[in-house]
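>>> sequence below, structure please.
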Amino acid sequence: MNFLWFLLLIIPGIVKSYAYSQVPYILADNPHIGYNRAVELSKQMTRGHKFSMFVLDLSFIGWILLGLLALGIGVLFVQPYINATKAELYLELRHNALSYNLTTAHELRLTQTPFY
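The predicted structure is shown next:
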């Protein structure tokens, strides 16, 4: 019975981690957007997509296990693939957010040249 109560703490934490997963990408697009707005926008962008994001993460398990078979060295080659896939996910979620007017291109600094 205690295990079930323990799961009530874990599962919402996992769901929230998916809700906040886009914050680093939003802040990379516009570091001046503010953390609170980035969190709010990330929650809006991932609404309705959390389960598919979870399935996407599950799809990497085979690659990670294969990388671990190579004494863990293979994970170093798998990690860039995972990171690139999650960056593409952000681009798709960002496109959806712009389409549904959750944000503007100006707010994400997509209309300006990057400032390096």
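>>> quick check: buried residues in the helix or strand hosting Val75?
Under the assignment given by DSSP states H and E, the secondary-structure element containing Val75 is helix 73-99. The neighbour-count check on helix 73-99 (16 or more other C-beta atoms under 10 Å) flags Gly74, Val75, Val78, Ile82, Lys86, Leu89, Tyr90, Leu93, Arg94, Ala97 as buried. From N, CA and C alone the C-beta is placed, and that goes for glycine too.
>>> not counting sequence-adjacent ones, nearest residue to the first one?
Meaning Gly74. The spatially closest residue to Gly74, leaving aside those adjacent along the chain, is Gly67, at 3.0 Å (C-beta to C-beta, 6 or more residues apart in numbering).
>>> can you give me the neighbour number for the one you found?
By the criterion of other C-beta atoms under 10 Å, Gly67 has 18 neighbours.
>>> quick check: which element contains it?
Short version: Gly67 belongs to helix 61-69, going by DSSP H and E.
>>> that helix to helix 73-99, inter-axis angle?
Regarding helix 61-69 and helix 73-99, their directions subtend 150 degrees when assessed with axes from the mean of the first three to the mean of the last three C-alpha atoms, to 10 degrees.
>>> return the distance of helix 61-69 from the chain's centre.
On the basis of C-alpha atoms, centre = their mean, to the nearest Å, helix 61-69 sits 21 Å off its chain's mean C-alpha point.
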